[in-house]
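*Asks:* Okay, here's the prediction I keep looking at, along with the sequence it came from:
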Amino acid sequence: MHTESVVLEHAGGAPRAVTLRAPCGRDEIAVEGVDTQAAVELLDRLLGGTGAARMAAADRDALFAAVHRRCWGDRIVATLTCGGCGEPFDLSFELTTVQRSLRAGARDWRPSGDGRVVHGSGAAFIVPAAQDEIEAGAGHPRDALARVAAACGAAGDPAPVNEALEQGAPIIDLDLNASCPSCGHEQLAQFDIQSFVLQRLINERGPLLAEVHLLATAYGWSLDEILALSRDSRRALAAMVSDSHASTAARARYRWTP
């Protein structure tokens, strides 16, 4: 799998490119939730620092899109249940296509390169960071939007801030039109890249532990040694051990004594 460099467009100072380390078992097994705090902790591990709490949601989403491409590829495939006929069906799209579309949606507001979004008239708002979101969410939910708006340098009605951020610092949090191929029923499907990637890692906890058990049994390695392997190396080794076991079992079925 390729290594992708991601430009952080909303960092304080000039935009800078960062490269995520390939995830290992320690990173995967440490994921315990899908909220902003869990997102910050995983990105800090993969970036080898403690700067994710100061990142804007748009930059974090770009990094999570890179994590998905690194682990599973660019295509998102999700199975939905039709609200009309109750049948399951797949919804799929390319992350790069979504990201291009979001960037093309900027009209009046654009990133300034110094952690703000600016309007053609000269108006500007600070792009909130993860720590702003976490602090805003710690109080009463009713006041969360107002607290985020205040962190952006606005007071009162948060609507202008929302419009500015949607154009100048868009996140991969979408309502997608999904049509059932069986009955034609149309429904909205909500997708956000942060919770999708984190939940996918959580859902893979069982297969991860199965790979750990397989490699520990085959090679006598410790848990720490196996979890230190990159995701790609661990999965490749586990597949080879599994194939070897399958070949041995197949030969045993055809062994006979005259």
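*Replies:* That came through, no problem. Residues are numbered from 1 along each chain as shown.
*Asks:* the domain parsing of this structure - what is it?
*Replies:* 5-101+172-203, 106-168, 206-252 (automatic domain parsing).
*Asks:* where are the low-confidence patches of the protein?
*Replies:* Confidence mapping of the chain against pLDDT under 70 gives the ranges 1-2, 13-14, 156, 248-258.
*Asks:* ok, residues contacting the longest helix along it?
*Replies:* For the chain, the helix that runs over the most residues, judged by DSSP state H, is helix 231-253. Helix 231-253 is contacted by residues 1, 22-25, 28, 71, 210-212, 214-215, 218, 226, 229 when judged by C-beta atoms under 8 Å, 6 or more residues apart in numbering. Quick note: C-beta positions are derived from backbone N, CA and C, even for glycine.
*Asks:* redo that, cut-off 7 Å
*Replies:* Residues from elsewhere that reach helix 231-253 (C-beta atoms under 7 Å, 6 or more residues apart in numbering): 1, 22, 23, 24, 25, 28, 71, 211, 214, 215, 218, 226.
*Asks:* Just the CA coordinates for the helix or strand where residue 60 lies, please, in PDB.
*Replies:* Here residue 60 sits within helix 57-71, counting by DSSP states H and E. Provided in PDB are the C-alpha atoms of helix 57-71 (Å, rounded to 0.1, in the frame of the first residue of the first chain):
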ATOM      1  CA  ALA A  57     -11.600  19.000  11.700                       C
ATOM      2  CA  ALA A  58     -11.000  19.500   8.000                       C
ATOM      3  CA  ASP A  59      -7.300  18.500   8.300                       C
ATOM      4  CA  ARG A  60      -8.100  15.600  10.600                       C
ATOM      5  CA  ASP A  61     -10.700  14.300   8.100                       C
ATOM      6  CA  ALA A  62      -8.000  14.500   5.300                       C
ATOM      7  CA  LEU A  63      -5.700  12.400   7.500                       C
ATOM      8  CA  PHE A  64      -8.500   9.900   8.200                       C
ATOM      9  CA  ALA A  65      -9.200   9.700   4.500                       C
ATOM     10  CA  ALA A  66      -5.500   8.800   4.100                       C
ATOM     11  CA  VAL A  67      -5.700   6.200   6.800                       C
ATOM     12  CA  HIS A  68      -8.600   4.600   5.000                       C
ATOM     13  CA  ARG A  69      -6.700   4.600   1.700                       C
ATOM     14  CA  ARG A  70      -3.700   3.100   3.500                       C
ATOM     15  CA  CYS A  71      -5.700   0.300   5.200                       C
END
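*Asks:* on contacts alone, who are the packing partners of the next helix or strand after it?
*Replies:* With elements assigned by DSSP H and E, the helix or strand that comes after helix 57-71 is strand 75-81. Here strand 75-81 touches strand 88-94, going by 3 or more C-beta pairs under 7 Å, 6 or more residues apart in numbering; DSSP states H and E.
*Asks:* The strand it packs on: partners in the sheet, and parallel or antiparallel?
*Replies:* According to DSSP bridges, strand 88-94 forms sheet pairs with strand 75-81 (antiparallel).
*Asks:* Would you mark the buried spots in the partner strand?
*Replies:* For strand 75-81, the neighbour count (16 or more other C-beta atoms under 10 Å) marks residue 76 as buried.
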